[in-house]
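# Next comes the sequence, and after it the predicted model I'd like to discuss.
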Amino acid sequence: MDDQVPITPEESQRSRLLDMLNGTVAGRILRESAPDLGLAEHLPYPFLAMVGQTEMRTALLLSVINPAVGGVLLIGPRGTGKTTCVRSLTDLLPYIEVSLCPEGCLPSDVDAEGRPAVCPDCQRKLDADEPISTYEPVKLIELPLNARLEDVVGGVNERIAVQQGRVRLERGILARADQNLLYIDEVNLLDDQIVDAILDAAAQGSYSVRRGAMIGTYRSRFVLIGSMNPEEGRLRPQIMDRFGLRVPVQGLADLAQRYEVYQRVRRYQGNRRKFVAEWASLTAAAHEEIILARELLKETTLSDGAVEVGLALIQGLGIDSHRAEYVMFEAARAHAAADGRDVADVHDIRRVAPMALRQRRSQFMTNYFNRQMEEDDAIQAQIDALAGDTVGD
């Protein structure tokens with residue numbers, strides 16, 4: 001046959017099935033290049049091609065450089081580039097060590113707790129000098145609004161249970177987001193059960209799933225990024241508190257910038273590959289800068305002036321939450337590292353304080369404590385009066 005592939009002497013011992021495939025329609029299919037199935041190529045809008053919105057872009061970069069910042073909440077109307085900006089982070093994300101094991105075992109587990117800290121399969125691989133982890137770029141994991149609780153925390157693999165008659169726990173979105181970015185669009189519309197699961201996992205850095213006699217514990221050390229339109233509903237205070245930086249995102253006021261947005265989006269929609277290529281060198285340079293900043297962050301400290309001004313600022317604003325200074329100081333360290341400095345000063349505090357401290361004051365709690373103080377004063381006054389009467393008797 002004309003389409004038959006010649007068999008070399010070295011291949012003469014191969015399976016007859018492969019030889020048959022070479023001379024059939026199936027063989028031609030195997031040799032054909034992959035057809036165009038109409039699947040979209042993943043070419044996100046370049047992060048550096050975003051126009052304006054400096055505070056939003058700064059907050060996102062700080063959360064990538066220093067996950068201890070605690071994530072970012074973007075608040076604004078539709079069409080202001082919130083989701084586009086978050087998704088454009090994918091080409092800037094650094095590399096992290098990830099486990100090759102379904103149980104999530106890492107070499108650091110052995111270093112910290114000894115060999116019993118990893119599963120038997122990984123112990124055998126370590127004995128054979130085989131790797132149990134690899135390095136991959138940080139991923140952006142998106143939580144869909146229609147996700148079920150089982151999808152989020154994990155549960156029984158229904159396909160394996162039906163087809164193989166075995167019960168196996170499967171990791172959920174929170175476990176797959178470990179050491180990655182977890183993005184929730186329209187976070188204010190999430191189901192309360194899912195919000196509670198995310199809060200618990202984010203607070204502990206791990207969570208457990210129990211199904212009957214089976215239990216699985218998974219890491220969940222992710223950076224939480226959310227976006228919301230306040231017109232569509234408020235966000236519960238419990239989850240608002242979990243976002244380190246809060247950024248209001250408005251439409252651009254400058255007419256030249258708005259027209260530039262139109263021009264860039266038009267070029268991107270016309271030829272995405274070409275547009276992304278135009279920004280490739282700047283994107284690659286920014287990626288390297290982020291890696292360097294993450295390394296420098298390990299040595300970055302706070303100046304005495306930054307600490308003094310930061311604490312006085314929080315006290316002057318009447319903010320109760322101790323998370324406020326933690327987020328602000330960690331963001332200041334990340335800001336200094338991004339600027340190539342190993343000491344964060346008052347300048348860095350000035351830049352990050354609005355993002356870290358806004359929406360942390362509660363008028364309700366202020367009024368509550370004021371009423372409590374009035375009540376305490378009334379109680380003390382009654383005690384003093386009664387004690388005075390008793391002494392007089």
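Yep, it's here.

# give me the low-pLDDT residue ranges for the chain?
Applying pLDDT under 70 to the chain flags the ranges 1-41, 155-169, 212-214, 362-366, 389-393.

# could you pull out the strands for it?
In the chain, the segments counted as strands under DSSP state E are 72-75, 95-99, 133-137, 140-142, 154-156, 169-171, 181-185, 206-211, 214-219, 223-228, 245-248, 301-302, 343-344.

# neighbours around the closest residue to Leu43 other than its chain neighbours, how many?
Once flanking residues are discounted, Leu43 sits nearest to Arg272: 4.5 Å by CB to CB, 6 or more residues apart in numbering. Quick note: C-beta positions are derived from backbone N, CA and C, even for glycine. Neighbour count for Arg272, taken as other CB atoms under 10 Å: 16.

# thinking Arg272 is in contact with Pro46, fair?
No - taking contacts as CB atoms under 8 Å, Arg272 lies outside contact range of Pro46: 10.1 Å.

# ok so, going back, look up how far Ala356 lies from the residue nearest to Leu43.
Distance, Arg272 to Ala356, using CB to CB, to the nearest Å: 35 Å.

# My guess is Gly226 contacts Phe243. True?
Yes - at 6.3 Å, Gly226 and Phe243 qualify as touching, with contact defined as CB under 8 Å.

# Can I get stretch 50-70 as CSV, trimmed to CA atoms?
Coordinates of each C-alpha in stretch 50-70 appear next as CSV, following Å, rounded to 0.1, in the frame of the first residue of the first chain:
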residue,chain,number,x,y,z
MET,A,50,-3.0,46.8,31.3
VAL,A,51,-3.6,50.5,31.2
GLY,A,52,-3.6,52.5,34.4
GLN,A,53,-5.1,50.7,37.5
THR,A,54,-1.7,51.0,39.3
GLU,A,55,-3.0,50.1,42.7
MET,A,56,-4.7,47.0,41.5
ARG,A,57,-1.6,45.8,39.6
THR,A,58,0.6,46.6,42.6
ALA,A,59,-1.6,44.7,45.0
LEU,A,60,-1.6,41.6,42.8
LEU,A,61,2.2,41.7,42.4
LEU,A,62,2.8,42.1,46.1
SER,A,63,0.6,39.0,46.8
VAL,A,64,2.7,37.0,44.3
ILE,A,65,6.0,38.2,45.8
ASN,A,66,4.9,37.6,49.4
PRO,A,67,2.0,35.1,49.9
ALA,A,68,2.0,36.2,53.6
VAL,A,69,0.2,39.4,52.5
GLY,A,70,-3.0,37.3,52.6
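
# before we move on, back to that, which one of the strands of the chain lies nearest to Asp377?
Proximity to Asp377 (CB to CB) singles out strand 245-248 among the strands of the chain, at 35.3 Å.

# For that closest one, which helices and strands make contact with it?
Using 3 or more CB pairs under 8 Å, 6 or more residues apart in numbering; DSSP states H and E as the contact definition, the elements that strand 245-248 packs against are helix 54-65, strand 72-75, helix 346-357.

# between Gly226 and Phe243, what contacts are shared?
71-73 (CB atoms under 8 Å, 6 or more residues apart in numbering).

# I'd like these as JSON lines, with neighbour count and distance to Pro102 appended.
Output for the shared contacts of Gly226 and Phe243, formatted as JSON lines (neighbours: other CB atoms under 10 Å; distance: CB to CB, whole Å):
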{"residue": "Gly71", "neighbour count": "24", "distance to Pro102": "27"}
{"residue": "Val72", "neighbour count": "27", "distance to Pro102": "31"}
{"residue": "Leu73", "neighbour count": "26", "distance to Pro102": "33"}
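
# Distance to Glu232 added to these, as TSV?
Shown next, in TSV, are the shared contacts of Gly226 and Phe243 (distance: CB to CB, whole Å):
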residue	distance to Glu232
Gly71	20
Val72	19
Leu73	14
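
# what's the most buried one of the helices and strands packed on strand 245-248?
When the helices and strands packed on strand 245-248 are scored by mean count of other CB atoms under 10 Å, the highest mean neighbour count falls to strand 72-75 (a mean of 26).
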